[in-house]
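Q: sequence first, then the predicted structure:
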Amino acid sequence: MHANRHIPQPPHSAGEPYKGLRARVDPSQMPSPIDVIESDKEQWEGQTFMTLPGNNPPLSTTDFSAFDQGNSGPKHVRVSTWNVPSSSHLAKECDIPLAAIFQPFADLDSREEPIPVVDCGDTGPPRCEECRGYVNPWCAWTGGGCRWKCNLCGHETQVSPDYFCNLDANLMRMDLPNRPELNKGTVDFVVSGKEYWAPPPLPRMNSSYFSIDPPSSQAREPKSLSYLFALDVSLEAIRTGFLKSACDVLRDLLYGSTSIDGTQSEPSFPRGCQLAILTYDTSLHFYNLSPASPLASMIVVSDLEEVFIPLREGLFVDPWKSRTAIEGLLEALPERYLDTVIDNAALGGALLAGLASLAGRGGHIIAFQSILPTTGPGALEPPGDQASLYGTEKERTMFLPRHQTWRDIAEECSEEGIGVSMFLGMSKPIDVGSIGVVSSTTGGELFFHPRFNPARDQHVLASQLRRLLTRTTVYNCLLRVRCSNGLRISKYYGNFHERSLSDLDIGVLDADKAISVHIEHSRKLDAREYAFLQCAVLHTTPDGQRRVRTCNLALQVADLAANVFRYADMDAVVCHLARESMTKLTSRRIAHIREELTDRCSSILLGYRRHCAAATAVSQLILPEAFRALPVYALAITKCKPLKGRNVSADVRNYHAQKILSMSVRATMQHLYPRLLALHDLADNIALPDPATGQMSFPSLMRDSHTYMEAHGVYLIDNEDLMIFWVGSSVSPQLLLDLFGVDDLPMLDPNTIQLPVLDTRLSAQVRNILTHRYVQRGRTPKMLFVRQDMDGTEIEFSDMLVEDQNNAAMSYIDYLCLVHKQINAALTNGESISGGPSIRGSPW
């Protein structure tokens with residue numbers, strides 16, 4: 001494409017120019033993340049990755065299948081380098097953070113084997129007497145099969161008589177082919193013994209709710225998962241239609257529905273689980289949903305200072321047995337509160353009611369809130385002008401709860417095995433920094449719908465709630481990551497409650513959530529042996545069975561920096577840097593975090609330059625193969641909503657920070673560098689079934705910059721949270737007709753929420769692309785339609801073009817020049833990147 005044909009930069013939030021002089025750089029010569037992504041897809045798309053140590057896995061953005069050979073697949077665990085440095089000195093020279101990201105319940109590809117379930121009887125799975133690690137494919141067998149040597153700590157443990165088996169000539173067990181736990185890296189152990197039940201929470205001086213029963217000191221018996229739906233019925237929820245949307249969506253998901261065009265949707269509520277419904281404003285309204293009565297009777301609790309549960313029977317019910325009462329209640333609620341004048345909703349009281357009702361069993365609270373809770377437990381004042389806090393030492397207070405009650409509720413719920421997810425549909429600030437801590441601490445999720453509009457947002461809310469109910473979800477979780485001798489876990493990142501230095505309490509854990517760890521050396525490793533990691537999640541399944549999911553990983557150890565870099569995993573490094581940055585928001589100023597990110601990026605590239613490419617000229621920028629696109633992702637992190645300069649509301653910053661902290665590696669990469677497609681350039685056979693095989697191939701992506709866009713084009717950008725169709729001002733009428741059903745640009749309604757179904761090839765192609773992405777992530781993101789130089793929302797599109805100068809940050813070209821300048825100065829002066837202010841001098 002000729003440079004003079006591209007469009008001018010669309011309206012965007014102002015960027016930051018490069019300070020000083022720099023050489024002219026040809027944008028086409030810049031290292032491209034798209035080249036990296038597309039070449040990996042060419043190599044691995046549709047292929048099977050074998051998980052034995054010694055191979056670089058496909059990128060997280062590639063659709064591949066993995067065959068578990070004793071190492072968990074990359075969907076379950078990724079590490080920042082698949083060759084661990086043998087010493088802390090080598091790790092410091094390379095400057096690659098040693099990190100592992102675990103997603104224990106990740107969705108599998110349809111071509112992959114299901115996770116094996118192993119029942120070892122009443123005695124439970126064999127465990128090391130010393131470190132309590134679980135038996136796995138990397139253990140060794142000694143004493144003729146009478147003992148097994150733990151690969152994590154080296155201790156030898158006696159084999160129980162019922163697990164004993166003779167060894168063959170290779171010192172392998174004779175029953176090895178029939179033992180999945182000795183063949184597969186990821187397995188589920190069934191644990192029926194009481195010692196594996198969820199422990200009771202530690203006693204508290206003051207209980208946050210009233211109960212006639214004394215606090216239990218017994219472990220919690222596993223039961224099927226119970227859901228409590230808490231609905232805000234205040235004036236704001238009625239006025240915006242948020243309550244009606246929530247009731248309609250919940251009814252459709254419980255019992256299925258038929259759309260206007262006759263399409264049937266199946267019920268989505270998990271079979272065998274129970275539910276309760278609670279409504280609240282300045283009081284709490286409980287409902288007896290007993291199947292014995294066709295009508296739900298309401299009991300009101302007005303005392304929010306001492307919340308209690310007014311009924312035992314009929315609160316949690318099977319939705320199919322109580323269908324008449326539940327359907328009648330959900331239809332009646334919006335009408336019942338139509339004339340309400342109460343303009344407040346005590347979310348804190350509702351969460352305490354959920355805690356009181358689920359204490360001793362665990363479960364999932366799903367709350368719908370439309371207004372800042374200014375009454376009841378944890379009552380909050382309107383936050384006032386937060387714009388004045390930016391750039392000051394008080395900036396960090398925006399990311400901390402303004403009332404201790406919210407942290408207390410979060411910790412109590414987590415210790416009781418209760419997860420809290422919230423749908424927020426507000427028209428004014430709601431203080432996500434305070435109320436959101438309950439979701440982030442318990443393993444739940446926030447769903448953010450500012451200025452909620454049923455016509456625009458209800459189908460998105462329905463998609464989100466359907467995904468929440470249907471994805472793999474476990475509860476009452478206790479997670480621990482163990483390392484082999486010579487390594488130790490120094491820090492955990494994610495959404496959880498850290499009960500101790502080694503154990504994490506998680507109320508609910510689902511297929512979309514990941515936990516990461518930072519690893520340090522405690523002594524030198526032997527390069528002739530493997531290093532090992534084991535993540536174990538003790539949990540209860542939705543049908544009430546107690547299990548342990550283990551993810552095991554054996555890693556090669558490297559003595560040379562070149563091998564550490566050769567087997568580096570950029571996706572894992574970027575994900576770790578993003579999570580680390582989000583964690584710092586409560587203690588550091590945003591400008592300093594952005595500056596440190598640039599330093600970290602430059603330090604990694606400097607480590608390679610010094611120890612793997614020292615012979616080249618100092619003025620030459622040398623990028624390792626694994627980190628060719630690292631600078632653009634580092635820049636993308638500084639441009640994400642929590643870290644970007646200029647004014648972004650505290651609610652938006654907190655929502656995105658919590659989301660990034662728990663995202664999978666794949667979702668993180670696609671959120672930071674959104675996928676951009678040119679829809680007007682689709683080949684005739686792309687995104688359509690192949691007549692011979694039935695398979696579809698999907699189009700290549702393009703770089704996130706306006707310099708690659710044309711005014712006669714139609715583009716789709718997708719950052720996992722938002723999809724935007726951008727339509728150029730010179731687009732042809734035929735293209736508009738084929739895709740949108742109109743032949744004139746002003747006739748395209750920017751308030752359209754879904755792509756029309758048209759009988760054209762282009763429409764079929766684009767709808768197939770959207771369906772493919774829906775299958776990948778299991779939900780529909782919000783969708784916008786933007787016309788060039790006509791719609792105000794164009795700024796949202798332009799700010800996603802991370803290679804441009806926007807979001808109070810540099811363009812990719814300028815940023816790469818800055819990184820090069822830092823490396824050049826460090827090489828010339830013989831210093832480290834963060835060695836002095838002369839090198840770091842703030843570019844922001």
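A: Looks like it came in fine.
Q: what residues are up against Arg579?
A: Tyr493, Gly494, Ser516, Ile660, Leu661 (Cβ atoms under 8 Å, 6 or more residues apart in numbering). For the C-beta atoms, the positions are set from N, CA and C on the backbone; glycine is no exception.
Q: likewise for Cys146?
A: Contacts of Cys146 by Cβ under 8 Å, 6+ apart are Gln158, Val159, Phe164.
Q: in the stretch 1-150 of the chain, which ranges drop under the pLDDT threshold?
A: Residues of the stretch 1-150 of the chain that meet the criterion pLDDT under 70 lie in 1-4, 21, 23.
Q: helices of that one, start to end?
A: Assigned by DSSP state H, counting those that start in this stretch, the helices in the stretch 1-150 of the chain fall at 33-44, 88-94.
Q: ok, which of those comes nearest Phe725?
A: Closest to Phe725 of these, according to Cβ to Cβ: helix 33-44, at 19.8 Å.
Q: and the contacts of that closest one?
A: Everything outside helix 33-44 that qualifies as a contact, by Cβ under 8 Å, 6+ apart, is 58-59, 61-64, 570, 628-629, 632-633, 673, 700-703.
Q: let's go with 10 Å and repeat that
A: 32, 45, 56-65, 570, 625-633, 636, 669-670, 672-673, 675-676, 698, 700-704, 708, 802-803, 812 (Cβ atoms under 10 Å, 6 or more residues apart in numbering).
Q: quick one: the helices in the stretch 401-550 of the chain, in order.
A: Using DSSP H, counting those that start in this stretch, the helices found in the stretch 401-550 of the chain span residues 404-415, 432-442, 454-470.
Q: mean neighbour count, those helices: which tops it?
A: For the helices of the stretch 401-550 of the chain, the largest average neighbour count (mean count of other Cβ atoms under 10 Å) is found in helix 432-442, namely a mean of 27.
Q: what's around Arg482, how many residues?
A: Neighbour count for Arg482, taken as other Cβ atoms under 10 Å: 23.
Q: residues in contact with the closest residue to it other than its chain neighbours?
A: Excluding the flanking residues, the one nearest Arg482 by Cβ to Cβ, 6 or more residues apart in numbering is Gln534, at 4.7 Å. Shown in contact with Gln534 (Cβ under 10 Å, 6+ apart): 72, 77, 131, 133-134, 136, 138, 150-152, 185, 480-484, 550-553.
Q: just the buried subset of the contacts of Cys146, please.
A: Listed as buried from these are Val159; burial here means 16 or more other Cβ atoms under 10 Å.
Q: TSV for the contacts of Cys146, including pLDDT?
A: Below are the contacts of Cys146 laid out as TSV (pLDDT from 0 to 100):
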residue	pLDDT
Gln158	96
Val159	95
Phe164	94
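Q: now the nearest residue to Asn71 once chain neighbours are set aside: how far from Asn178?
A: Leaving aside its sequence neighbours, Asn71 sits nearest to Thr51 (Cβ to Cβ, 6+ apart; 4.0 Å). Using Cβ to Cβ, to the nearest Å, one obtains 20 Å as the distance from Thr51 to Asn178.
Q: between helix 454-470 and the helix or strand harbouring Val786, find me the angle.
A: Secondary-structure assignment from DSSP states H and E places Val786 in strand 782-787. Note on geometry: by axes from the mean of the first three to the mean of the last three Cα atoms, to 10 degrees, strand 782-787 and helix 454-470 are set 140 degrees apart in direction.
Q: who are the packing partners of the helix or strand following strand 782-787?
A: Note on strand 782-787: by DSSP H and E, the next helix or strand toward the C-terminus is helix 794-799. Packing partners of helix 794-799 (3 or more Cβ pairs under 10 Å, 6 or more residues apart in numbering; DSSP states H and E): strand 714-718, strand 722-727, strand 782-787.
Q: and the next helix or strand past the second one?
A: Right, the one you point to is strand 722-727. Following strand 722-727 toward the C-terminus (DSSP H and E): helix 733-740.
Q: which residues are in contact with that following helix?
A: Counting by Cβ under 10 Å, 6+ apart, 679-680, 712-714, 725, 727-728, 731-732, 742-745, 747-749, 752, 755-756, 758-767, 785 sit against helix 733-740.
Q: tilt between the following helix or strand past that helix and helix 733-740?
A: As assigned by DSSP H and E, the chain's next helix or strand after helix 733-740 is helix 761-777. Helix 761-777 runs at 40 degrees relative to helix 733-740, counting by the same axes, to 10 degrees.
Q: now helix 761-777: buried residues?
A: Buried, per 16+ other Cβ under 10 Å, within helix 761-777: Leu762, Ser763, Ala764, Gln765, Val766, Arg767, Asn768, Ile769, Leu770, Arg773, Arg777.
Q: any idea how far Arg703 is from the second one?
A: The reference is to Ser763. 26 Å.
Q: please apply the same query to the third one.
A: If you measure Ala764 against Arg703 using Cβ to Cβ, the figure is 27 Å.
Q: before we move on, what about the fourth one?
A: In this view, Gln765 and Arg703 are 21 Å apart by Cβ to Cβ.
Q: how about the first one?
A: According to Cβ to Cβ, Leu762 and Arg703 sit 23 Å apart.
Q: quick one: average pLDDT of the strand of greatest length in the chain?
A: When the chain is scanned for its longest strand (criterion: DSSP state E), the result is strand 546-558. For strand 546-558, mean pLDDT rounds to 97.
Q: now the phi/psi pair for Tyr18, please.
A: Main-chain torsions, Tyr18, degrees, to the nearest 10: phi -70, psi 130.
Q: can you pull the phi and psi angles for the nearest residue to it once chain neighbours are set aside?
A: Nearest non-adjacent residue to Tyr18, counting by Cβ to Cβ, 6+ apart: Asp814, 3.8 Å away. The phi/psi pair for Asp814 (degrees, to the nearest 10) reads phi -60, psi -40.
Q: what does Thr707 give?
A: Main-chain dihedrals, Thr707, degrees, to the nearest 10: phi -70, psi -10.
Q: quick check, central residue of this structure?
A: The structure's the chain has its C-alpha centroid closest to Met663; by Cα atoms, centre = their mean the separation is 1.6 Å.
Q: report the separation between that one and Met723.
A: Taking Cβ to Cβ, one finds Met663 at 17 Å from Met723.
Q: next one: Ala657
A: Per Cβ to Cβ, Ala657 is found 22 Å from Met723.
Q: which one's more surrounded, these two?
A: Ala657 (25 against 20).
Q: next one: phi and psi at the residue nearest to that one when sequence neighbours are not counted?
A: Ranked by Cβ to Cβ, 6+ apart and with sequence neighbours excluded, the top spatial neighbour of Ala657 is Pro642, at 4.1 Å. Note on Pro642: backbone dihedrals following degrees, to the nearest 10 are phi -70, psi -30.
Q: and Pro642, what does it touch?
A: Shown in contact with Pro642 (Cβ under 10 Å, 6+ apart): 399, 578, 581-582, 585, 590, 593, 648, 652-661.
Q: and Ala292, what's its pLDDT?
A: On the pLDDT scale, Ala292 gets 91.
Q: what's the spacing between the nearest residue to Leu770 once chain neighbours are set aside and Pro699?
A: Nearest residue to Leu770 in three dimensions, chain neighbours excluded: Leu755, at 6.7 Å (Cβ to Cβ, 6+ apart). Here the criterion is Cβ to Cβ. By it, Leu755 lies 16 Å from Pro699.
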